[in-house]
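Asks: here are the coordinates; sequence isn't available:
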């Protein structure tokens, strides 16, 4: 338990403030939570005074509580809900595995904790981790009921399925039903679906979900059209939101998210697929955990090829690997030569990349001390993994893999993260704006910049940012944050108004322009 506290504390909470909010989603969700808190409205998500009905409220509620608990709105407080829910998921995995697969509980929890995509989303202000955490707890609870036939496990299944619906929408319920149905088909047990439809559980699910859905629909009559039809049905059945990717796209993305465990997860997945006929013919709950986890992993990858998120599949892969390792330990097996070589290559790449990436980000030549440290870490990692895995076998896999991961993460916090803040976050842009002589001009607009800049400035300035691309050009004096070298374009667009460059933020190739409210004086005709 102390190990889990230490690892979760370091990987999910340490340095949350180092990187400002990045992308368009993080500052947008953080701002919505701020405005809901300011309005004392726990029903309608609001962005810059207008209802924002694309996502349910679970993340917003968590961020509102985090703002209250930490004494104010901040970017790192906006990330606390994901970190807390991710930690809850890890501890649940540990407790569940200790109950149903004693001996693999620490592997299952720590492999999940140390997968790079879990670390990334566990530190993000987004709705993805709330969905992944609640969905994982729900699906493990369902299998706990299936194996033990203890109806008490269906209560957390329905409760957390309800929270998953409040995290991302009906997709959570649909995916849970899809996995249960596919598992019942493989087991040739149709009654399994009927037994899952437990009336007290359904009532609990309704009690969790319906109050908010009814309240938000009453407050916003357009909710059903915007949320259900546009942002759920259209998102998964059409290309309305421009998320179309090849059908195989999210498999490599998910496998990349499982780094540094990818090689062994693939091995465990292949074995589970190969043995599925044997597994489902065994007595209930004895051998079919592998089949269940493989279905969970693969079905979510296929389904999310139609959308964006792949995170809920990752815990299934991690637990599948923990089960694989336990089996191999019990049989006294040792990993093959090719497994050790490929796994070692992945692990070596983590600290080496963490040392080299900062130089690449700022396009500098790698310093000799950094190169020497990278070489030394690579050699030590190779020798440690090779000797440990080849001589001691699978029982050393967790330890020898997490050491280079933790070193790499510490290096990222120290070197890469501050650079990402400068290159990707709007926080340093706003700090630079604050230091620029604005002459008391409060209005800020953007032109030809990424959405991350627009929404990031909106959060850090706590105001709606006008966009020239949407023809939102203030008539009064205002400041424009634009792509570097945009003066000629602005002068053409703003004929008769004075355009004066007053600064910029070169790391993100941005210029600051002061726009006058009155037409420039024209020369009188002779």
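Replies: Thanks, I have it. All values derive from a computational prediction rather than experimental measurement.
Asks: Now do the helices in the stretch 401-526 of the chain.
Replies: 417-424, 427-435, 451-461, 487-493 (DSSP state H, counting those that start in this stretch).
Asks: Now residue 382: which helix or strand?
Replies: Secondary-structure assignment from DSSP states H and E places residue 382 in helix 368-392.
Asks: ok, back up a step: highest mean neighbour count out of the helices of the stretch 401-526 of the chain?
Replies: Using mean count of other CB atoms under 10 Å, the stretch among the helices of the stretch 401-526 of the chain with the greatest mean number of neighbours is helix 451-461 (a mean of 23). (C-beta placed from N, C-alpha, C; glycine too.)
Asks: how about the strands in the stretch 401-526 of the chain?
Replies: 444-447, 466-467, 478-483, 497-505, 510-519 (DSSP state E, counting those that start in this stretch).
Asks: The second one - which strands sit beside it in the sheet, and in what orientation?
Replies: Think strand 466-467. Strand pairing for strand 466-467, using DSSP bridges, gives strand 444-447 (parallel).
Asks: For stretch 282-297, what is the distance to the chain centroid?
Replies: Stretch 282-297 sits 27 Å away from the centroid of its parent chain (CA atoms, centre = their mean, to the nearest Å).
Asks: er, stretch 154-165 I mean
Replies: Chain-centre distance of stretch 154-165: 20 Å, with CA atoms, centre = their mean.
Asks: Just the residues contacting that stretch, thanks.
Replies: 56, 58, 130-131, 134-135, 137-139, 141-142, 145, 172-173, 176, 196, 198, 200-202, 204-209 (CB atoms under 8 Å, 6 or more residues apart in numbering).
Asks: I'd like the secondary structure assignment at residue 210, please.
Replies: helix (DSSP: H, G, I helix; E, B strand; the rest coil).
Asks: How many neighbouring residues does it have?
Replies: Neighbour count for residue 210, taken as other CB atoms under 10 Å: 12.
Asks: List only buried entries from the contacts of stretch 154-165.
Replies: Neighbour counting with 16 or more other CB atoms under 10 Å marks 56, 58, 130-131, 134-135, 137-139, 141-142, 145, 172-173, 176, 196, 198, 201, 204-205, 208-209 as buried within the contacts of stretch 154-165.
Asks: Which helix or strand lies directly C-terminal to the helix or strand of the chain with the lowest mean pLDDT?
Replies: Across the helices and strands of the chain, mean confidence by mean pLDDT, DSSP states H and E is lowest for helix 234-237: a mean of 57. Proceeding N to C from helix 234-237, the next assigned helix or strand is helix 250-257, under DSSP H and E.
Asks: Doesn't residue 302 belong to a strand?
Replies: No. Counting by three-state DSSP, residue 302 falls outside a strand, being helix.
Asks: Touching, residue 58 and residue 169? I think so.
Replies: No. If you go by CB atoms under 8 Å, residue 58 and residue 169 don't touch, sitting 10.2 Å apart.
Asks: tell me the phi and psi of the closest residue to residue 55 other than its chain neighbours?
Replies: Closest residue in space to residue 55, ignoring its immediate chain neighbours: residue 127 at 5.3 Å, by CB to CB, 6 or more residues apart in numbering. Taking degrees, to the nearest 10, you get phi -90, psi 0 for the backbone angles of residue 127.
Asks: With residue 17 instead?
Replies: According to degrees, to the nearest 10, residue 17 has phi -90, psi -10.
Asks: before we move on, the earlier item: which of the residues in the helix holding residue 382 are buried?
Replies: Those would be 370, 374, 377-378, 381-382, 384-385, 388-389, for helix 368-392 by 16+ other CB under 10 Å.
Asks: Name the spans of the protein whose pLDDT lies under the cut-off.
Replies: For the chain, the stretches with pLDDT under 70 are 233-250, 280, 285-286, 304-310, 437-441, 518-526.
Asks: orientation of the helix or strand hosting residue 329 relative to helix 250-257 in degrees?
Replies: Secondary structure from DSSP H and E places residue 329 in helix 314-331. Counting by axes from the mean of the first three to the mean of the last three CA atoms, to 10 degrees, helix 314-331 lies at 60 degrees to helix 250-257.
Asks: quick one: helix 314-331 to chain centroid distance?
Replies: Per CA atoms, centre = their mean, the centroid offset for helix 314-331 relative to its chain is 24 Å.
Asks: was I right about residue 374 contacting residue 357?
Replies: No. Contact criterion CB under 8 Å: residue 374 and residue 357 do not qualify, at 10.9 Å.
Asks: closest one to residue 281 among the helices of the stretch 401-526 of the chain?
Replies: Nearest to residue 281 among the helices of the stretch 401-526 of the chain is helix 417-424; the distance by CB to CB comes to 50.1 Å.
Asks: Next, the angle from that closest one to helix 427-435.
Replies: Per the same axes, to 10 degrees, the angle that helix 417-424 makes with helix 427-435 is 70 degrees.
Asks: name the helices or strands packed onto helix 417-424?
Replies: helix 337-361, helix 427-435 (3 or more CB pairs under 8 Å, 6 or more residues apart in numbering; DSSP states H and E).
Asks: Looking at those, spot the one closest to residue 488.
Replies: Here helix 427-435 is closest among the helices and strands packed on helix 417-424 (CB to CB), at 22.1 Å.
Asks: re earlier: dump the helices of the stretch 401-526 of the chain into CSV; add distance to residue 186 as well.
Replies: Output for these, formatted as CSV (distance: least, CB to CB, whole Å):
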stretch, distance to residue 186
helix 417-424, 43
helix 427-435, 49
helix 451-461, 43
helix 487-493, 59
